[in-house]
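Q: Structure of the sequence below:
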Amino acid sequence: MSATSSFPPHKIIGVAVIWNDHEQILIDRRRPEGVMGGLWEFPGGKIEPGETIEECIQREIKEELGIVIAVGEHLITIDHTYTHLRVTLTVHQCRLITGVPQPLECDEICAF
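A: This next block holds a predicted model:
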């Protein structure tokens, strides 16, 4: 093992707390066949090389839910280690700009 590799692997995740015009927050349920399948989460995903957290969140939400959002205030950063993965969750407050959320890369969505 080289000095630059780490175990468990580390991923930086951009997370969106998306508010709609009715002051509801959007969550999604992970597909049952995937890792942590069936669990509810705030949407988001892995940051790509050269991408800012804000760009990551906008891209992931467009890919996963088919909507355009404005990324706002940073709310919290959380580090967590699972047995198989270490994650850094960078959470931002976001607002729905255009589109109707669709479960493109998740099992279902819910606003509450």
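Q: okay, the one residue sitting closest to the centre of the chain: pLDDT?
A: Geometric centre of the chain, nearest residue: G44, 1.3 Å, by C-alpha atoms, centre = their mean. For G44, the pLDDT comes out at 98.
Q: Spatially, what comes nearest to it if we skip its sequence neighbours?
A: Nearest in space to G44, with sequence neighbours left out and distances taken as C-beta to C-beta, 6 or more residues apart in numbering, is V15 at 3.9 Å. The way it works is simple: take the backbone N, C-alpha and C, and place the C-beta from them, glycine included.
Q: now swap in H74 and tell me
A: Residue nearest to H74 in three dimensions, not counting chain neighbours: H92, with 5.5 Å by C-beta to C-beta, 6+ apart.
Q: Would you confirm that V71 contacts V17?
A: No: using C-beta atoms under 8 Å, V71 makes no contact with V17, being 10.3 Å away.
Q: residues shared between the contacts of these two?
A: Contact criterion C-beta atoms under 8 Å, 6 or more residues apart in numbering; residues shared by V71 and V17: H92, C94.
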